[in-house]
Structure formats: C-alpha cells, structure tokens
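Colleague: Quick one: sequence plus predicted model below, questions after.
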Amino acid sequence: MNCLQHDSISRFKELVHAATNVVVVSHTHPDGDALGCVSAMYHYLSYTLGKEAAVLVERDLSSTLEFILNGVRKTDDISVLEGCDLIIALDFNCLSRTAEQFEDPIRQCRAPKILIDHHLNPCKEEFDLIFSETAISSASELLFWILKKVQGDTLRGLSKRALTALMCGMTTDTNNFANSVWPSTLEMASQLLAAGVDRDDIIRRIFNSYRSNRVKAIGYLLDNHLTISGSYAYITVSREVKKKFGIREGELEGLVNIPLSIKKVKVSITLTEDDGYYRVSLRSKRGIRVNRLAAASFHGGGHEQASGGRLYIGSDIPSREVLPAYVEECTARFLHSEKERI
Ligand code: 5GP
Ligand code: MN
C-alpha cells in the first residue's frame, strides 16, 4: 500500500502526539464504513493514547448502525471545534461531503487536518496530511493497516471496541464480502477474527435487526415503483411512500442492490425524496463506471461500482413528474457512452 510510507506514518504520529483535543468526522448520512472508522479512531485516541476526543456526527443515525458508536463521545454541536487542535477526517475526499452545518466551521478551524480515505481525487488543499488508497475495501480497512503500522506491526494496544468497529465498517462497505474484496481485506478479516472480534454478532446487528417496516416497504417498492428498462433499473421512493411505511434514516439501506440480481440489469439507481431534492444511489456491475453518471447528472461521485449524489427539484428538474424522463434520458445517454468505450 503506497500511502503507508514511513514519512506519512511518522507525520501521523507527530500530529497525533502533539494534539490534546481531537475532533473526528466523516461524511453526511454516515454509512457503516463512516461510523466504523470514526468509532475506531475515537477508541484509538481515547483508550490507546489517552487523548480527549469527540466524534462530530449528525444526530439522526440508522438504528441498525448506531451501535457502532457505542462508548464514543459523539456530538452534533460545532462548538466542539473551538478547543480542538487536530481534526481527523475519514471516508470522504472533500469537505463538501460533510454535513452542511459542519462544513464551514471545519473549513475555518485552524487545527491541522488529517484525511484517511478510499475515494478518488482527495481535495489536497483542504488537508495537511492525506492517506488515500482506492485499491482497498473501505476507509475502515485503510485505518486498520495504518493503526497496525503506527503500533509497530501489531494489534496490541487496540481495544476490542476499535477492532469491532473496523470489522463493521469493512463488512458494510463490502456488502458482507460481495464486492470490493482485496487480498488485504481477507487478511484484515482474518486478523480481526483471530483477535477475538465477534463477526456473528456484527452480522446479526447490521443485517438482521431491522423493523418489519423495511421489509414491507421494500416489497411494496419493488412491486410498484421499480422500472426496468433494457440494462438499467431505477426505483423512486417518494415522501408519501416513506410516510406510509414510517421509513427512518438508513432503513432502506441495500435496496439499490436488489435490481442488480437480475441478469440483464447492469445499472441500478434509487431516488429517495427528501426536502426539495432526491438522494440518489447508484450501483453497477463490473465494467460500468457509475461514478461518471453520478458526477454528470446528479452532482455526485463515489466509486466505480457504488456512487451517489442529489437531484434538486426546481433547478435540475422542474417538478417530480418529470423525474422518470430525466433519469431515463441521462442513464440511456450514459450507458451508450460506456458501451462505446467497451
Ligand atoms: P450510497 O448509495 O450508499 O449513499 O453511497 C454510495 C457511495 O457513493 C458512497 O460511499 C460515496 O462514496 C458516494 N456518494 C454518496 N453520496 C454522494 C454525494 O452526494 N456526493 C459524492 N461525491 N459522493 C457520494
Ligand atoms: Mn467507505
């Protein structure tokens, strides 16, 4: 792993050892990887190093992922930045990916900033030290290898909570080893299991602890709001449907993967209505770089096979009624250009 060079590890140690008060942050609407690596970093700072630390995170979290932050001092109050002398950012490439209310205060904070991430194109000018690696499963895996190196090639000194959080982050970003699995990913999993991490318990909590609302909403959405057109599929989740099933943050996680189980479907998109915009999730099969569609048509980006973005009602599309026409037009155009390439 190129980014784990001696210089970067030494600089990391210097910055962390010089700090007394650290704020740890990830991207808005944190997923399991975001929560896994901020939690592990927090436990490392507070348990292993005895630092004052806090995780700056939105209040509304997925109820099946919230446990990853057990034992973490978390806050959504930006005044925590006032006394901080180091910011550690994980699982995103640019500060614009943090929650809207956090972005400017973090930008203005004079503390040094470290980035640990696995997306393309980190915003170099925003950080003092960057660990960036895309040939890896997750930010949690990258943090695992960094911490192991920093500790002198051992996991000794890391708490069970930190190790468990790292396993959670890697497990969710690989969709339980279904994608983005590298040789290093299996090595990490093996070492975490050997260190006593309870993977069965993680699987139960993350994948088998939902409310029935989720399963019923997914059944309804697949039956009534799934459009399959040639090699792509999309699902629209309106506010009315969210209300009908009482859907909460994170409760439809994974829905976007389901249409990809159809042989001919190469791209799957979900568009979930929020206040004045749709949150867009995109997934694709190998060979189709859906982050290009996210950037071109949904103000977003991400990984080649898993990306996201937004579509604003009023500016991008005049009204909800034209959503299907917009999605179909831009996806068909995108697929045409990707196929030309292949
Ligand atoms: P999800 O569909 O699970 O919300 O997001 C999948 C991936 O897409 C994330 O891990 C992240 O890399 C990327 N992503 C999601 N939303 C956005 C966005 O609004 N902007 C950018 N640049 N990337 C996003
Ligand atoms: Mn991630």
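Modeller: Structure received. Numbering: from 1, shown residues only. Ligands and ions are numbered 1, 2, ... in the order given.

Colleague: all contacts plus neighbour counts: C-alpha atoms, from now on.
Modeller: OK.

Colleague: Which residues outside the helix or strand of the chain with the lowest mean pLDDT are in contact with it?
Modeller: None of the helices or strands of the chain scores lower by mean pLDDT, DSSP states H and E than helix 323-341, at a mean of 93. Outside of helix 323-341, the residues within contact range by Cα atoms under 8 Å, 6 or more residues apart in numbering are 232, 288, 289, 293, 297, 317.

Colleague: same question, stretch 241-252
Modeller: Contacts of stretch 241-252 (Cα under 8 Å, 6+ apart): 60, 61, 62, 63, 210, 213, 214, 216, 217, 218.

Colleague: Isn't the last one up against residue 254?
Modeller: No. The criterion here is Cα atoms under 8 Å, and residue 218 misses it with residue 254 at 9.8 Å.

Colleague: more neighbours, these two?
Modeller: residue 218 (19 against 13; other Cα atoms under 10 Å).

Colleague: low pLDDT regions in the stretch 1-150 of the chain?
Modeller: For the stretch 1-150 of the chain, not a single residue meets the criterion pLDDT under 70.

Colleague: just the helices in it please.
Modeller: Taking DSSP state H, counting those that start in this stretch, the helices of the stretch 1-150 of the chain run over residues 6-18, 32-43, 100-108, 139-150.

Colleague: Tell me which residues touch residue 2, please.
Modeller: residue 133.

Colleague: rerun that using 10 Å as the cut-off
Modeller: 131, 132, 133 (Cα atoms under 10 Å, 6 or more residues apart in numbering).

Colleague: most surrounded residue in these?
Modeller: Neighbour counts for the contacts of residue 2, by other Cα under 10 Å, peak at residue 132, which reaches 24 neighbours.

Colleague: That one contacts residue 115, correct?
Modeller: Yes. Residue 132 is in contact with residue 115 according to Cα atoms under 10 Å; the separation is 7.7 Å.

Colleague: which residues do the two both contact?
Modeller: Common neighbours of residue 132 and residue 115, using Cα under 10 Å, 6+ apart, are 91, 92, 93, 122.

Colleague: May I ask which of these has the most neighbours?
Modeller: The shared contacts of residue 132 and residue 115, ranked by neighbours (other Cα under 10 Å): first place residue 91, 28 neighbours.

Colleague: just checking, residue 97 touches residue 28?
Modeller: Yes. Between residue 97 and residue 28 a contact is recorded at 6.2 Å, counting by Cα under 10 Å.

Colleague: Common neighbours of the two, please.
Modeller: What both residue 97 and residue 28 touch, as defined by Cα under 10 Å, 6+ apart, is the set residue 103.

Colleague: And residue 97, how close does it get to residue 162?
Modeller: 24 Å (Cα to Cα, to the nearest Å).

Colleague: Which one of these two is surrounded by more residues?
Modeller: Taking neighbours as other Cα under 10 Å, residue 97 and residue 162 compare with residue 162 leading, 26 against 16.

Colleague: which residues touch the more buried one?
Modeller: Counted by Cα under 10 Å, 6+ apart, residue 162 has contacts 36-45, 47-48, 68-69, 144, 168, 197.

Colleague: three-state assignment of it?
Modeller: helix (DSSP: H, G, I helix; E, B strand; the rest coil).

Colleague: Out of the helices of the stretch 1-150 of the chain, indicate the one that is most buried.
Modeller: helix 32-43 (a mean of 31; mean count of other Cα atoms under 10 Å).

Colleague: on that earlier part again, now the buried members of the contacts of helix 323-341.
Modeller: Among the contacts of helix 323-341, the ones that count as buried by 16 or more other Cα atoms under 10 Å are 232, 288, 289, 293, 297.

Colleague: which residues of the stretch 101-250 of the chain fall in strands?
Modeller: Using DSSP state E, counting those that start in this stretch, the strands of the stretch 101-250 of the chain run over 113-117, 129-132, 226-229, 232-237.

Colleague: give me the number of residues near the residue of the stretch 101-250 of the chain found nearest ligand 2?
Modeller: For the stretch 101-250 of the chain, the residue closest to ligand 2 is residue 138, as judged by Cα to the ion, at 4.7 Å. Using other Cα under 10 Å, residue 138 has 30 neighbouring residues.

Colleague: what does residue 248 give?
Modeller: 15.

Colleague: Then residue 263?
Modeller: Residue 263: 8 neighbours (other Cα under 10 Å).

Colleague: And it, how far from residue 229?
Modeller: 13 Å.

Colleague: Residue 318 and residue 229, how far apart?
Modeller: Taken as Cα to Cα, the span from residue 318 to residue 229 is 23 Å.

Colleague: same question, residue 131
Modeller: With Cα to Cα as the criterion, residue 131 and residue 229 are 40 Å apart.

Colleague: And residue 138, by the same measure?
Modeller: Residue 138 is 31 Å from residue 229, where distance means Cα to Cα.

Colleague: go on, residue 302?
Modeller: 24 Å.

Colleague: More neighbours: these two, which one.
Modeller: Using other Cα under 10 Å as the criterion, residue 302 and residue 229 rank with residue 302 on top: 23 against 12.

Colleague: my read: that one touches residue 309, true?
Modeller: Yes. Contact between residue 302 and residue 309 holds when scored by Cα under 10 Å: they sit 8.6 Å apart.

Colleague: shared neighbours, these two?
Modeller: Shared contacts of residue 302 and residue 309, defined by Cα under 10 Å, 6+ apart, comprise 281, 282, 291, 294, 295.
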